[in-house]
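Trainee: Fold the following and give me the result.
(2 chains)
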Amino acid sequence: KNEVEQSPQNLTAQEGEFITINCSYSVGISALHWLQQHPGGGIVSLFMLSSGKKKHGRLIATINIQEKHSSLHITASHPRDSAVYICAPYSGAGSYQLTFGKGTKLSVIP
Amino acid sequence: DTGVSQDPRHKITKRGQNVTFRCDPISEHNRLYWYRQTLGQGPEFLTYFQNEAQLEKSRLLSDRFSAERPKGSFSTLEIQRTEQGDSAMYLCASSLSGGVPLYNEQFFGPGTRLTVL
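Mentor: Numbering: from 1, shown residues only, chains lettered A, B, ... in the order given. I've put the predicted structure just below:
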């Protein structure tokens, strides 16, 4: 089973700040999800990536499969970005389950 | 709305009762996944289907839990003789399938929150 570690566990930022959330995992994977979960439980898939970098609006995700590390960046953070961000590697080697990190709770203060 | 839907959104039950949850995936998705999330924790995998076949089950899925996807479309998750430890958010997700990992991006439903009294 993959071990997934996220850092930081909690993050408070001022509106407008650049934010980075890191994810490290212990075994080989083929791809990785970044997910966003708002209070009340709904989970939204932000990115699924297997190499390099993806950008969607103010969100940027990078992954280095060899170093077993991924980062999620938020530029010009806004209070509506306040949520829990979860990293979920996907092994793909005959198993299609995701293994989830415990999440990073982000609070963006106006 | 063409996203993943789950019903009910909330369920309160007494210990020992049986409960059943339903998940309707995105219509063209042939894979369907069930996860459980307890308070303050990340989700944990329970089981997944490809079409009507249940291909993988977690050890978390005790014999009180059963999942079906009879026609390869919607799925049900039943918990028999509920216990207080079953209180959690039950999440469903669906995806396409394919050799390229990015085909397998999972899309999540809103979840069913179960409270066992």
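Trainee: So A:Tyr25 sits against A:Gln6, correct?
Mentor: No. With contact defined as C-beta atoms under 8 Å, A:Tyr25 and A:Gln6 do not form a contacting pair (9.8 Å). From N, CA and C alone the C-beta is placed, and that goes for glycine too.
Trainee: Excluding chain neighbours, give the residue nearest to residue 41 in space.
Mentor: Reading this off chain A. B:Gly111 (4.6 Å; C-beta to C-beta, 6 or more residues apart in numbering or on different chains).
Trainee: wrong chain, I was asking about chain B
Mentor: Nearest non-adjacent residue to B:Gln41 (C-beta to C-beta, 6+ apart): A:Lys102, at 6.4 Å.
Trainee: is it fair to say the one you found lies in a helix?
Mentor: No. According to DSSP: H, G, I helix; E, B strand; the rest coil, A:Lys102 belongs to no helix; its state is coil.
Trainee: Test my guess that B:Tyr35 contacts B:Thr47.
Mentor: No. In this structure, B:Tyr35 is not within contact of B:Thr47 by C-beta under 8 Å, at 9.1 Å.
Trainee: Mind checking which of these two has more residues around it?
Mentor: Between B:Tyr35 and B:Thr47, B:Tyr35 has the larger neighbour count (other C-beta atoms under 10 Å in any protein chain shown), namely 27 against 22.
Trainee: Secondary structure element holding that one?
Mentor: strand B:31-37 (DSSP states H and E).
Trainee: and chain B, which residues reach chain A?
Mentor: B:31, B:33, B:35, B:37, B:41-45, B:48, B:55-56, B:58, B:89, B:91, B:93, B:95, B:97, B:101-102, B:104-108, B:110-111, B:113 (C-beta under 8 Å from any C-beta of the partner chain).
Trainee: quick revisit: okay, the residue nearest to A:Gly41 and B:Ala93: tell me how far apart.
Mentor: 10 Å (C-beta to C-beta, to the nearest Å).
Trainee: which neighbours do those two share?
Mentor: A:Ile43 (C-beta atoms under 8 Å, 6 or more residues apart in numbering or on different chains).
Trainee: Name the spans of chain B whose pLDDT lies under the cut-off.
Mentor: B:1, B:99-103 (pLDDT under 70).
Trainee: cutoff 90 now
Mentor: For chain B, the stretches with pLDDT under 90 are B:1-2, B:28, B:39-42, B:55-62, B:71-72, B:96-106.
Trainee: just the buried members of the residues of chain B next to chain A?
Mentor: Listed as buried from the residues of chain B next to chain A are B:31, B:33, B:35, B:37, B:42-45, B:48, B:56, B:58, B:89, B:91, B:93, B:95, B:101, B:104-108, B:110-111, B:113; burial here means 16 or more other C-beta atoms under 10 Å in any protein chain shown.
Trainee: The residue lying closest to A:Pro8 once chain neighbours are set aside: what's it in contact with?
Mentor: Distance criterion C-beta to C-beta, 6+ apart; nearest residue to A:Pro8, sequence neighbours excluded, is A:Thr104 at 6.1 Å. By C-beta under 8 Å, 6+ apart, the contact list for A:Thr104 reads A:6-11, A:21, A:84-86.
Trainee: Please narrow those residues to those residing in strands.
Mentor: A:6-7, A:10-11, A:21, A:84-86 (DSSP state E).
Trainee: among those, who's most crowded?
Mentor: Neighbour counts for those peak at A:Ile86, which has 26 neighbours (criterion: other C-beta under 10 Å).
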